[in-house]
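# Sequence first, then the predicted structure:
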Amino acid sequence: MKKKAEWSEAWQIAAVYVGTVIGAGFATGREIIEFFTRYGTAGTVGVLVSGFLFTWGGARLMVMARRIGAASYDELNRYLFGRMLSPFVTLVMTAMIAGVTAVMIAGAGAVFEEQIGWPRQAGIALTLGSALLVMLFDRKGLFGVNVLVVPMMMIFSATVLIKMVMVGGLCRPDMAASNYSLKAMLSPFSYAAFNLAMSQAVLVPVAREATSERAVKRGAMLGGVILTGLLLLNHIVLLSFPQKGDYDIPMAEVVRTFFAMLHWLYVVVIYGEIFTSVIGGLFGLARQVRVWVSIGGKWLGVLLVLLFAAVSPFRYGELLSFLYPLFGYMSLLLLWLLWRRRLPHR
């Protein structure tokens, strides 16, 4: 019975990990194009490298946070970067998490505008209102949404790939250009570092509140393996879609082209993944702000939602293309320190 409960918790942790990483950029395909698919078959090698870093780095980050008793990413940064440097790092990281959450919210607006035909601001308002409701349930709300949405994303990604194989829509490796430039070689490291840095806001408190270290380790490694599989599936599909650069949400266009009857259902799944990352970002920011300022959770949620309502004038694609690569290079030091810092004893 205890073992079953442990695996159940590990799956919940894995779902939160996957749901936090698979946000607007991943689910829509824009992020995968930016870091991997634009480099052709060289990007496939990058996907595998990133997948290993997600599996190893996620487990190490969560176990490290649990062993030092970190309640927020600020406390983990203190261990990784030292007391003098950590306040600056935490401040930069908070700004990065806020920036990424802004991209997610803009992505939600893009889904409504490009796929449904609604005004972008209406989609953003609906997303922020729903996020505020989920935040009222705190950790239970975070787990509940991710456990529902992540399996749907896995099923759809596999279904789209199988359908493209059946209709002969996949390109052969020799048909795809290959670009082994320095940027292509750095991309998997910056992508994994960036996502691990952003996931800290959610993974650190989740690791601390878990019932056992074994569940944390299993959950992080299971999440890393799922992320690798989803990255690879979506990258292969996008590699075969010639018009991928013309859309804010290329994966929805792939489904519309090859699997039209399920297009609207896939739009719902994409929106669900964006929504999980919006919640993750707001959840992590709320936990960190409460370390700095004594304020009730409900009022803080309202304040954060009002602040993020200001992102509605910005375009999703422009925000992602500018912020994500920049944040990726800024996060490389975190990946290095995760490898170099000694893992504390239990």
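That came through, no problem.
# who's in contact with the closest residue to Val291 other than its chain neighbours?
Excluding its sequence neighbours, the residue lying closest to Val291 (C-beta to C-beta, 6 or more residues apart in numbering) is Ser72, at 5.1 Å. For every residue, glycine as well, the C-beta is placed using N, CA and C. Counting by C-beta atoms under 8 Å, 6 or more residues apart in numbering, Ser72 touches 201, 204-205, 287-288, 291.
# Please report how far Ser72 lies from Leu333.
Distance of Ser72 to Leu333, computed by C-beta to C-beta, to the nearest Å: 19 Å.
# same deal with Ser130?
35 Å.
# One more: Ile33?
Using C-beta to C-beta, Ile33 is found at 26 Å from Leu333.
# What of Val18?
Counting by C-beta to C-beta, the gap from Val18 to Leu333 is 25 Å.
# of those two, who's got more company?
Val18 (29 against 15; other C-beta atoms under 10 Å).
# pretty sure that one is touching Leu230, no?
Yes - between Val18 and Leu230 a contact is recorded at 7.5 Å, counting by C-beta atoms under 8 Å.
# elements contacting the strand or helix carrying Asn77?
Counting by DSSP states H and E, the element that carries Asn77 is helix 73-81. Secondary-structure packing of helix 73-81 (3 or more C-beta pairs under 8 Å, 6 or more residues apart in numbering; DSSP states H and E): helix 41-67, helix 86-110, helix 182-209, helix 263-292, helix 332-340.
# Serialize those to CSV and add fields for distance to Leu304 and mean pLDDT.
Output for the helices and strands packed on helix 73-81, formatted as CSV (distance: least, C-beta to C-beta, whole Å; pLDDT from 0 to 100):
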stretch, distance to Leu304, mean pLDDT
helix 41-67, 23, 93
helix 86-110, 9, 81
helix 182-209, 12, 87
helix 263-292, 5, 78
helix 332-340, 24, 86
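# Ok, which of the ones you listed comes nearest Ser157?
Nearest of those to Ser157, taken as C-beta to C-beta: helix 263-292 at 9.3 Å.
# what is the orientation angle of that closest one with helix 73-81?
Angle, helix 263-292 to helix 73-81, by axes from the mean of the first three to the mean of the last three C-alpha atoms, to 10 degrees: 80 degrees.
# and the residue nearest to Tyr191 when sequence neighbours are not counted, how many neighbours does it have?
Excluding its sequence neighbours, the residue lying closest to Tyr191 (C-beta to C-beta, 6+ apart) is Phe35, at 4.4 Å. Residues lying near Phe35 (other C-beta under 10 Å) number 30.
# List the contacts of Phe35.
By C-beta under 8 Å, 6+ apart, Phe35 lies in contact with 43, 46, 50, 187-188, 190-191, 324-325, 328.
# how about a cut-off of 10 Å?
25-26, 43, 46-47, 50, 183-184, 186-188, 190-192, 194-195, 231, 235, 324-325, 328 (C-beta atoms under 10 Å, 6 or more residues apart in numbering).
# Roughly how far does it sit from Gly43?
8 Å.
# Could you name every residue contacting both of the two?
With C-beta under 10 Å, 6+ apart, Phe35 and Gly43 have common neighbours 50, 184, 187-188, 231, 235.
# ok, which pair from those residues is furthest apart?
Distances among the shared contacts of Phe35 and Gly43 were taken as C-beta to C-beta; the most separated pair is Ala184 and Leu231, at 15.3 Å.
# how about Gly29, phi and psi?
Reported as degrees, to the nearest 10, the phi and psi values for Gly29 are phi 100, psi -10.
# Cross-check the contact I'm expecting between it and Tyr266.
No - checked against C-beta atoms under 10 Å, the pair Gly29 and Tyr266 is beyond contact range at 11.3 Å.
# what number of residues lie near Tyr180?
Using other C-beta under 10 Å, Tyr180 has 13 neighbouring residues.
# Check the burial of the residue lying closest to it once chain neighbours are set aside by counting its neighbours.
Nearest residue to Tyr180 in three dimensions, chain neighbours excluded: Ala42, at 4.8 Å (C-beta to C-beta, 6+ apart). Using other C-beta under 10 Å, Ala42 is surrounded by 18 other residues.
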